[in-house]
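> Next one to model:
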Amino acid sequence: MSQDAKFEDGGERPLRLMAVDPEDLQVVSSLVQDAIFPASEIQWLPSERRFAILLNRFRWEDVPLAQRGGRDFERVQSVLLVGDVVKVQSQGVSKGDNDTILSILSLSFQPSEDGMGRLELTLAGDGAIALQVESLDVVLKDVTRPYIAPSKKAPGHPET
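Numbers count the residues shown, from 1 in each chain. Reported below is the predicted structural model:
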């Protein structure tokens, strides 16, 4: 009988990270790589200037422990929250198609001369979401206990 993993098993606590500069964002980007989510979990709240995604994040930080312990790899539901958002654009993301499953490849930030910037979420399959922000304000927060990844494998990135 299979049982879901517990935070206590790994001796770790849920992640709660904040990125306020490009170096911080690199850490968050590496942790959300291969996160998957249905398009219905994207939320843009213009009046609050917030953008959020509820995603199923692969627990890259747990890979060494899982390998040493001979156990299955894990995912966890997390919220990726971006503040100070003034505009959202997307490419390759079908609006209204809530059944589409998307996957994050990376996050990047390009500052502009006026102190604002562009946060880009690069998605698998040539998709992208671009957020025009007044400042870099990104939070990644685990909101559930880890669970065994359905594939029981780490995502692969074969070179082509």
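> Quick one: residues contacting the residue nearest to the spatial centre of the chain.
Relative to the mean C-alpha position of the chain, the nearest C-alpha, by Cα atoms, centre = their mean, is the one of residue 32, at 3.5 Å. Taking Cβ atoms under 8 Å, 6 or more residues apart in numbering as the criterion, residue 32 is in contact with 55, 57, 78, 80, 104, 107, 140. Yep, even glycine has a C-beta here, placed from its N, CA and C like the rest.
> The protein: helices as residue ranges?
7-10, 22-32, 63-69 (DSSP state H).
> can you redo the ones you listed as CSV with distance to residue 157 and mean pLDDT?
Output for the helices of the chain, formatted as CSV (distance: least, Cβ to Cβ, whole Å; pLDDT from 0 to 100):
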stretch, distance to residue 157, mean pLDDT
helix 7-10, 24, 46
helix 22-32, 13, 97
helix 63-69, 14, 94
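> closest one to residue 132 among those helices?
helix 22-32 (15.6 Å; Cβ to Cβ).
> Can you show me the CA trace of the closest one as CSV?
C-alpha atoms of helix 22-32 as CSV (Å, rounded to 0.1, in the frame of the first residue of the first chain):
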residue,chain,number,x,y,z
PRO,A,22,17.4,38.7,-9.8
GLU,A,23,19.7,36.5,-7.7
ASP,A,24,16.7,35.6,-5.4
LEU,A,25,14.6,34.9,-8.5
GLN,A,26,17.2,32.4,-9.8
VAL,A,27,16.6,30.3,-6.7
VAL,A,28,12.8,30.5,-7.0
SER,A,29,13.1,29.7,-10.7
SER,A,30,15.1,26.5,-10.0
LEU,A,31,12.5,25.4,-7.5
VAL,A,32,9.5,25.9,-9.8
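> tell me how far it is from the chain's mean position?
10 Å (Cα atoms, centre = their mean, to the nearest Å).
> And for stretch 36-56?
Counting by Cα atoms, centre = their mean, stretch 36-56 comes out at 11 Å from the chain centroid.
> again, but for stretch 23-42
2 Å.
> So what's the residue count around residue 35?
When neighbours are counted by other Cβ atoms under 10 Å, residue 35 registers 24.
> just checking, it touches residue 76?
No: at 9.7 Å, residue 35 does not count as touching residue 76 under the criterion of Cβ atoms under 8 Å.
> ok, of the contacts of residue 32, which one's closest to residue 125?
Nearest member of the contacts of residue 32 to residue 125, counting by Cβ to Cβ, is residue 104, at 11.4 Å.
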